[in-house]
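1. I need the structure of the sequence given here:
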Amino acid sequence: MIDPQCQAIKWIKNMEKGKLKTIDLQQYDFLRTLENSIQFGTPVLLQNVQETLDPSLAPILDKAVIKQGGRLLIKLGDKEVDYNPEFKFYITTRLSNPHYTPEIATKTTIVNFAVKEVGLEAQLLAIVVRRERPDLEEQKDNLVLNISAGKRKLVELEDEILRLLNAAEGSLLDDEVLVETLQTSKHTSQEISEQLEISEETEEKIDLAREGYRPCAQRASILFFVLNDMGRIDPMYQFSLDAYNNLFNSSIDKSTHHAKLEDRILALNDYHTYALFTFTCRALFERHKLLFSFQTCVKIMEVAGKLDMEEYFYFLKGGVVLDRETQMDNPCRWLDDASWDNITELDRLTNFHGIANSFEQYARDWHLWYTSDEPEEAMLPGEWGNSCNELQKMLIVRSLRKDRVAFCSTSFIINNLGSKFVEPPVLDMPAVVEDSNCRTPLIFVLSTGVDPTSGLVQLADEVGMKNRFSALSLGQGQAPLATKLIKEGVKEGNWVYLANCHLSLSWMPHLDKLVEQLQSEEPHPDFRLWLSSNPTKDFPISILQAGLKMTTEPPKGLKANMKRLYGLVSERTFSRCKKPEKYKKLLFTLCFFHSVLIERRKFLQLGWNIPYDFNDSDFEVSENLLNMYLDEYDETPWDALKYLIAGVNYGGHVTDDMDRRLLHTYINDFFNENVLNTAFYKLSSLNDTYYVPKDGPTSTIRTTSPSYLTWTTQLRSDNTPTQTSLPR
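-> Numbers count the residues shown, from 1 in each chain. I've put the predicted structure just below:
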């Protein structure tokens with residue numbers, strides 16, 4: 001059974017209550033359990049298999065049963081075992097699209113239990129109605145049971161009549177038992193039929209009332225499949241249906257309640273859509289967050305009938321010319337062949353007839369549009385400026401200026417979903433701990449040059465778990481120690497951090513088993529299992545689905561990076577310096593300095609001649625140096641600070657002379673007396689938006705000193721070259 005969301009396992013366990021034996025290939029005694037079940041005819045569930053099966057299962061799959069002296073025998077391993085015909089064997093896999101060999105496919109019955117949109121919509125409708133109108137759902141459940149029982153009773157009566165007719169001898173009229181049974185059956189059948197009619201009418205009324213919540217279930221079903229499709233992009237993007245249902249229930253409870261049903265549905269849909277966005281974004285790499293928002297937006301619009309699918313498919317695939325003999329000649333020398341191919345294929349769409357000819361008619365205007373800095377904001381030439389909607393304008397940008405597609409997509413999301421869907425929230429570790437429980441693994445998906453260990457140690461210190469925190473880097477020979485730490489943590493309520501799981505993939509099935517045991521045991525409420533791994537397709541799917549995933553990658557954009565860096569500075573750190581006025585301003589410029597260095601990387605060779613992995617450790621060391629030197633010297637030691645921060649700390653990464661020159665230019669601009677003495681000191685000569693904001697009170701950064709954080713929230717979300725002092 002192909003069971004990526006554990007639907008089949010639940011169904012099997014419900015159907016085979018009390019008798020089912022559950023095994024997996026990691027158990028050392030799974031063959032013994034199989035032998036006993038084959039002998040006594042009890043059902044067995046083999047779960048979480050991969051694309052290859054253990055060879056010892058071949059006799060069972062082949063049904064290699066032999067009859068010997070009146071006994072049915074099957075050879076399992078090196079033993080012959082009595083075979084009970086009542087024996088049932090279920091096999092499930094978490095893989096969503098497994099490829100099994102023809103030998104396995106012909107020996108088994110493969111059933112796909114993957115949830116479909118219609119089926120999930122029905123499940124979610126039942127959930128929302130049960131929470132919003134429990135009376136309706138209870139009536140619905142009772143009616144379903146009554147109707148099912150009535151129909152079953154009718155079948156039983158028909159079977160009884162057929163049995164008596166078959167057993168009757170002589171004249172049927174002389175058989176008093178048969179005649180009485182027929183009369184009783186007729187009377188009972190009429191009563192049941194009347195009850196069924198009433199029940200079915202009532203069920204229709206209840207269904208009509210439940211239909212009011214259909215838009216909510218439909219939206220939630222759409223969103224789950226958008227979430228589920230992310231697994232095709234990266235193997236670490238695995239999400240369970242159970243976790244999604246919990247999120248949906250939370251949205252029902254926390255969203256605004258309204259007396260009017262339409263307003264309630266609208267509020268619930270809006271709340272759940274954003275709740276899913278925030279839940280998912282902490283597990284996504286930066287390059288995939290905009291894609292997730294765009295896919296969410298498109299799917300919602302598609303179901304609402306607001307999207308021309310022919311145009312959308314062109315946006316995805318572009319134009320491919322199959323017959324160049326009939327293709328119109330390119331009238332513009334400045335336009336490359338690939339762009340002209342896109343335009344001629346775009347001309348074939350219903351709403352774009354004549355656009356290819358307009359390049360001959362308005363060649364100068366099209367050239368001005370093509371060479372503009374922000375073509376997505378510029379007016380299209382001729383009649384196209386007034387006739388194109390937002391998606392159609394995106395198609396033209398996609399055809400001619402692919403470098404601006406991301407900006408178009410961002411505007412499209414803002415206009416149709418809202419600006420908050422293009423501003424992923426900064427990872428809030430205390431909130432993640434609050435969302436987790438003792439059975440939920442917390443998984444860091446690692447990025448190059450980023451180590452979450454220091455942040456995790458700081459978090460443990462803040463929540464009072466520093467003395468009960470154990471960390472271990474996995475590798476050769478570390479498996480027994482890791483197992484011991486987990487078992488001790490479960491009993492004593494420790495935090496256990498197992499780093500670099502990708503270096504110990506052979507031990508991952510055993511870890512999978514330990515995590516599975518957490519679901520059935522009663523761990524200490526304070527226990528937390530933290531894991532970190534590079535992205536790998538061999539990481540157990542069940543752990544990914546059961547856990548909360550977090551990426552450690554720095555966010556994209558100056559605004560997001562500034563907010564994240566301020567999140568790394570604890571209140572105690574912020575208030576420890578003896579010269580708070582200097583410290584707060586220079587901490588701000590240090591955050592800006594670090595964010596600019598990271599942002600320049602996206603411009604490739606225009607940003608840095610050689611890409612460098614500046615990371616959080618560079619920032620933390622620099623912050624400590626800043627605090628220490630300000631405390632020790634009455635006069636600010638500018639030369640020492642600039643040398644240690646730009647020359648040694650960040651400069652230790654830099655190998656190119658011109659890159660080193662750039663680094664020193666930045667540090668000279670951001671670390672000087674003018675920063676302290678000039679009000680609203682400008683940090684960029686190309687943009688007046690960036691300056692050191694007004695100083696706030698000296699107590700805490702998160703509550704009574706909002707000025708720095710307020711400044712970061714007011715920045716533009718789109719990332720322009722001027723933010724990093726690059727000319728357009």
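2. Tell me where the stretch 301-450 of the chain is predicted with low confidence.
-> Scanning the stretch 301-450 of the chain with the threshold set as pLDDT under 70 gives 449.
3. the strands in it, which residues?
-> Secondary structure of the stretch 301-450 of the chain (DSSP state E, counting those that start in this stretch): strands located at 442-445.
4. Show me the helices in it, by range?
-> Along the stretch 301-450 of the chain, counting by DSSP state H, counting those that start in this stretch, helices occupy 309-317, 337-346, 355-361, 363-371, 384-387, 390-400, 405-416, 429-435.
5. residues touching the spatially most central residue of the chain, list them.
-> For the chain, the residue nearest the mean C-alpha position is Thr280 (4.0 Å; C-alpha atoms, centre = their mean). Neighbour list for Thr280: Leu227, Met230, Phe239, Phe292 [criterion: C-beta atoms under 8 Å, 6 or more residues apart in numbering]. Every residue, glycine included, has its C-beta placed from N, CA and C.
6. Could you tell me the per-residue confidence at the nearest residue to Asn609 once chain neighbours are set aside?
-> Once flanking residues are discounted, Asn609 sits nearest to Asp656: 4.5 Å by C-beta to C-beta, 6 or more residues apart in numbering. Note on Asp656: pLDDT of 91.
7. cool, the one 4 residues further on as well?
-> Arg660 carries a pLDDT score of 92 in this model.
8. do Asp3 as well
-> Taking Asp3 on its own, its pLDDT is 91.
9. what about the helices in the stretch 51-200 of the chain?
-> 58-62, 102-107, 117-132, 134-167, 176-210.
10. Out of these, which is the most enclosed?
-> helix 117-132 (a mean of 18; mean count of other C-beta atoms under 10 Å).
11. Report the inter-axis angle for that helix versus helix 134-167.
-> Counting by axes from the mean of the first three to the mean of the last three C-alpha atoms, to 10 degrees, helix 117-132 points 120 degrees away from the direction of helix 134-167.
12. Return the distance of helix 117-132 from the chain's centre.
-> When distances are taken as C-alpha atoms, centre = their mean, to the nearest Å, helix 117-132 is centred 21 Å away from the chain's centroid.
13. the inter-axis angle of it versus helix 176-210?
-> Going by the same axes, to 10 degrees, helix 117-132 is angled at 80 degrees with respect to helix 176-210.
14. counting contacts, what elements does helix 117-132 pack onto?
-> On a contact count with 3 or more C-beta pairs under 8 Å, 6 or more residues apart in numbering; DSSP states H and E, helix 117-132 meets helix 134-167, helix 214-229, helix 241-254.
15. mind checking which of the helices of the stretch 51-200 of the chain is nearest Pro452?
-> helix 117-132 (33.7 Å; C-beta to C-beta).
16. I would like the residues contacting that closest one, please.
-> By C-beta under 8 Å, 6+ apart, helix 117-132 touches 115, 136-137, 140, 210, 213-214, 216-218, 220-222, 224-225, 241, 245, 248-249, 252-253, 264, 268.
17. what residue ranges in the stretch 101-250 of the chain score low on pLDDT?
-> For the stretch 101-250 of the chain, the ranges with pLDDT under 70 are 170, 172-174.
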